[in-house]
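Novice: Starting from these lines, generate the structure:
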Amino acid sequence: MLIEVHYGEASVLLVNGNCRPVHILNYIRTHCCLSSTIKLDLCLISNGEPFRLATPEPNFFSTERRRNPAHVHCVLTEIDDDGTYTPLLNDTTLLTNDFLAKLKKATSSKTTPKLVQKPGKPSTNPFDDEGKRRRSLKSVAIAATMMHKNNH
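Specialist: Numbering: from 1, shown residues only. Predicted coordinates for the structure are as follows:
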C-alpha cells in the first residue's frame with residue numbers, strides 16, 4: 001500500500017504502508033525533520049479517520065487495511081497531551097472546514113489547524129538536496145515494484 005502524506009507547506013511524502021507502524025513513524029520523522037518527542041498520527045483526507053499508529057494495535061493496520069485502496073491520501077497530525085489532533089499542513093485546498101469537521105468527528109476531540117514550517121538545517125554538503133531526491137525516488141521505485149507484483 002502506498003501512503004501519500006501531506007504536511008508542511010503543501011509538501012508530500014510517499015511512504016510504503018506495507019511495514020510496521022513504528023517504521024512508518026520513524027521514516028516520517030526523519031524526512032519531515034520532526035522531533036521524536038512529538039506524538040504523530042496520520043488521518044485519511046477522505047473521512048478524517050486516524051490511523052492510530054502509536055497505539056499497540058493500530059486500527060488502520062488490522063481490519064481497515066483490507067478495505068482501503070492500494071494508494072491512500074492522508075494528513076500528518078500532531079496529537080497534544082489532551083488528545084487534540086492538530087494537522088501539520090498549510091494547504092487550504094486540503095485543510096478545509098469540511099476536513100476539520102470530519103477529523104473532529106472521527107477523533108472525538110477538538111481539532112486546531114497549526115501553521116508549520118519545515119525547519120531548515122544548514123548543510124555543508126553541496127549534493128545534499130540531490131541525495132534527498134534520490135532517496136525519495138528510491139521509495140517510489142520500491143513502492144511501484146511492490147504494486148506491480150501485487151497486480152500480477
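Novice: Might you report the residue contacts of residue 5?
Specialist: Each residue near residue 5 by CB atoms under 8 Å, 6 or more residues apart in numbering is listed here: 12-15, 28, 32, 42, 74-76. In this view, the C-beta of every residue, glycine as well, is placed from N, C-alpha and C.
Novice: Out of the residues you listed, grab the one that's most surrounded.
Specialist: Using other CB atoms under 10 Å as the neighbour test, the contacts of residue 5 are led by residue 42, with 28 neighbours.
Novice: Need the per-residue pLDDT for that residue.
Specialist: Turning to residue 42, the model gives it a pLDDT of 92.
Novice: got the contact list for it?
Specialist: For residue 42, the contact set (CB under 8 Å, 6+ apart) comprises 3, 5, 28, 50-51, 53, 60, 74-77.
Novice: Would you mind giving the residues you listed as a markdown table with secondary structure added?
Specialist: Converted to a markdown table, those look like this (DSSP: H, G, I helix; E, B strand; the rest coil):
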| residue | secondary structure |
| --- | --- |
| 3 | strand |
| 5 | strand |
| 28 | helix |
| 50 | strand |
| 51 | coil |
| 53 | coil |
| 60 | helix |
| 74 | strand |
| 75 | strand |
| 76 | strand |
| 77 | strand |
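Novice: Show me which of the residues you listed is closest to residue 88.
Specialist: Comparing the contacts of residue 42 against residue 88 with CB to CB places residue 76 closest, at 4.7 Å.
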